[in-house]
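>>> sharing a model that was predicted from the sequence below.
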Amino acid sequence: MTAYRSLCPIATTLDIVGDRWTLVILRDLITGKSRYSEFLTSPERITTNVLADRLERMEAAGLVERSPYQQRPLRHAYRLTDMGRALHPMLREMCRWANSYVPGTWTPPESFMGE
């Protein structure tokens, strides 16, 4: 069992997804990326060591699961679990908030924003 800093739902959610990269990786998974190399092409330019660490943490938290797509060398594809997919509405609301209050933020594609 994971130890959280408190049982406050906001604090526990931040303990799971509140770092600089997890929500960006979730965004990429929602928009169709699944392979390590694909995540590296995102405009935020995550480093390989941070990406590996976040994917491992996300898997341990139950947000993603991985499955091999190549044996030599062993490579994995990642996909959202039900728990990870359940964060999509929150990400939509974050986008709406930023688009309303932060000038210059880009509008996500309808495929991401659609209900």
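Yep, that arrived.

>>> so which residue is dead centre in this structure?
Against the mean C-alpha coordinate of the chain, by CA atoms, centre = their mean, the closest residue is Leu26 at 1.9 Å.

>>> residues contacting the closest residue to it other than its chain neighbours?
When the adjacent residues along the chain are set aside, Leu26 lies closest to Leu87, with 5.8 Å between them (CB to CB, 6 or more residues apart in numbering). C-beta coordinates here come from the backbone N, C-alpha and C atoms, glycine included. When contacts are counted by CB atoms under 8 Å, 6 or more residues apart in numbering, Leu87 touches 17, 23, 26, 63.

>>> from Met83, how far out is the residue nearest to the centre of the chain?
With distances taken as CB to CB, to the nearest Å, Leu26 is found 11 Å from Met83.

>>> overlap in contacts of the two?
With contacts taken as CB under 8 Å, 6+ apart, Leu26 and Met83 have Leu63 as neighbours in common.

>>> wouldn't Ile46 be in contact with Tyr36 here?
No: counting by CB atoms under 8 Å, Ile46 stays clear of Tyr36, with 10.5 Å between them.

>>> break down this protein into its helices, ranges please.
Listed in chain order, the helices of the chain (DSSP state H) span residues 9-17, 22-30, 36-39, 48-61, 82-85, 88-101, 110-113.

>>> over to the residue in the chain sticking out farthest from the centre: give its phi and psi.
The centre of the chain is farthest from one residue, Arg72, which by CA atoms, centre = their mean lies 26.7 Å away. Per-residue torsions, Arg72: phi -130, psi 110 (degrees, to the nearest 10).

>>> contact partners of stretch 29-40?
Contacts for stretch 29-40 (CB under 8 Å, 6+ apart): 25, 28, 42, 46, 48, 51-52, 55, 64, 69, 75-80, 84-85, 88, 91, 109, 111-112.

>>> please point out which parts of that stretch sit buried.
Using 16 or more other CB atoms under 10 Å as the burial criterion, the residues of stretch 29-40 that qualify are 29-30, 33-34, 36, 39.

>>> for that stretch, what is the average pLDDT?
When the per-residue pLDDT values of stretch 29-40 are averaged, the result is 97.

>>> what separates that stretch from the chain centre, distance-wise?
Stretch 29-40 has its average C-alpha position 10 Å from the chain's average C-alpha position, going by CA atoms, centre = their mean, to the nearest Å.
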